[in-house]
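# sequence plus the predicted model coming up.
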Amino acid sequence: MVIYIINLKIKIMPILVESNNATNTARNTGANRQVLEGPVVKYAIATTEQEFATTTAAKALESWKTDVLLKKIIPFYDLEELAVADTADSYYEGNTKYKTANGKKIRTFNMMIGLPSHNAVASYDGKKMRLYEFTDKQEIKAISNDGVKVKGQMVTIEVGKRVDAMKDKPPYTPVTLTYEDYREFENDGHILRPDWSPTVEVKGIIDAIIELVSQSATSVKFKVLENDTKDPITSLKNDDISYTTTDGAAITHSFIVADANGVYELTGTDFPTKGILNGTGVLAKVEDSYEIIAEAIMH
């Protein structure tokens with residue numbers, strides 16, 4: 001008998017995904033160390049049908065950007081004053097003690113945001129959606145029922161009345177998240193550790209408006225501004241802007257990029273007195289993504 005001894009150097013890859021698939025079977029409790037996730041500092045909600053096909057896809061920034069553009073994922077703003085508001089199980093006690101309801105997992109937090117952002121968040125009030133949690137350790141907390149597909153936990157969103165500013169505190173919007181089943185994460189939790197920062201890189205679509213500067217038969221000048229801050233957006237190209245008649249017919253024109261003051265110009269001949277400027281959908285740019293929320297009608 002010949003025995004071959006092979007010297008192998010095995011490279012141990014860092015853990016990118018931690019999973020937990022609980023069962024009713026008693027399990028071993030040994031662990032040389034505990035790998036604990038960080039506190040949640042930001043949320044992203046998602047449509048109930050949204051999910052990533054694999055953990056690899058869930059860790060890819062492009063997958064997140066794609067679903068944001070498709071409005072399947074909606075990143076929330078930075079949160080403040082996150083608090084636990086769980087409720088206890090309910091019981092009826094007679095000759096025997098009966099459990100009548102499971103306690104709820106509930107989280108409350110505030111977002112210091114302006115009026116347009118408050119109205120954006122309030123549009124999800126009362127809706128049942130999925131929830132991804134981003135921690136201060138660059139982690140994404142999610143679930144996987146089958147160990148392959150990754151999605152967020154199911155929650156119901158309650159958006160409260162906006163609270164006015166005080167001398168020692170900015171105005172804020174209170175939000176309550178009620179989890180459908182606290183066992184979702186305990187049983188099927190996945191903690192993803194991508195090589196990019198979810199709190200920084202996963203951005204929401206910025207609402208934009210068109211501000212008309214001037215118009216004539218040969219020229220239309222305009223700005224495109226962020227709806228909240230009114231900061232100019234200067235990265236748009238010809239395909240990002242639609243210029244039509246009131247009947248929807250395209251108007252032939254040349255496009256001049258934004259100048260130092262953020263003013264775009266369309267040039268041509270015989271422009272109609274009445275025309276409509278609008279965006280062409282969600283506009284994905286290097287710095288951010290935008291959507292023009294209201295057309296500009298010229299008179």
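Happy to help now that I have it.
# can we go C-alpha only for contacts and neighbour counts from here?
Will do.
# partner residues bridging the nearest residue to residue 215 once chain neighbours are set aside?
In this structure, residue 215 finds its nearest non-sequential neighbour in residue 221, 6.2 Å apart by C-alpha to C-alpha, 6 or more residues apart in numbering. Beta-bridge partners recorded for residue 221 (DSSP bridges): residue 214, residue 265.
# which residue ranges of the stretch 101-250 of the chain form helices?
Using DSSP state H, counting those that start in this stretch, the helices found in the stretch 101-250 of the chain span residues 115-122, 183-188, 198-201.
# dump those helices into a markdown table; add mean pLDDT, mean neighbour count and distance to residue 137 as well.
Converted to a markdown table, the helices of the stretch 101-250 of the chain look like this (pLDDT from 0 to 100; neighbours: other C-alpha atoms under 10 Å; distance: least, C-alpha to C-alpha, whole Å):
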| stretch | mean pLDDT | mean neighbour count | distance to residue 137 |
| --- | --- | --- | --- |
| helix 115-122 | 95 | 16 | 25 |
| helix 183-188 | 93 | 17 | 18 |
| helix 198-201 | 96 | 18 | 10 |
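# so where's the stretch 51-200 of the chain uncertain?
In the prediction, the stretch 51-200 of the chain carries no residues with pLDDT under 70.
# sorry, back to before: I'd like to know which of the helices of the stretch 101-250 of the chain is closest to residue 143.
Residue 143 lies closest, by C-alpha to C-alpha, to one member of those: helix 183-188, at 5.2 Å.
# which secondary structure elements does the closest one contact?
If contacts are counted by 3 or more C-alpha pairs under 8 Å, 6 or more residues apart in numbering; DSSP states H and E, helix 183-188 sits against strand 140-143.
# turn the helices of the stretch 101-250 of the chain into TSV, columns for distance to residue 106.
Below are the helices of the stretch 101-250 of the chain laid out as TSV (distance: least, C-alpha to C-alpha, whole Å):
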stretch	distance to residue 106
helix 115-122	18
helix 183-188	13
helix 198-201	22
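# for residue 170, find the nearest of those helices.
Among those, helix 115-122 sits nearest to residue 170 (C-alpha to C-alpha), with 12.3 Å.
# packing partners of the closest one?
Helix 115-122 sits against no helix or strand, with contacts defined as 3+ C-alpha pairs under 8 Å, 6+ apart.
# mind checking how far residue 257 is from residue 290?
17 Å (C-alpha to C-alpha, to the nearest Å).
# of those two, who's got more company?
residue 290 (23 against 15; other C-alpha atoms under 10 Å).
# does the more buried one belong to a helix or a strand, and which?
Using DSSP states H and E, residue 290 falls within strand 289-292.
# kindly state the beta-bridge partners for the residue nearest the centre of the chain.
Taking C-alpha atoms, centre = their mean, the centroid of the chain lies closest to residue 75, which sits 1.7 Å from it. Beta-bridge partners for residue 75, by DSSP bridges, are residue 44.
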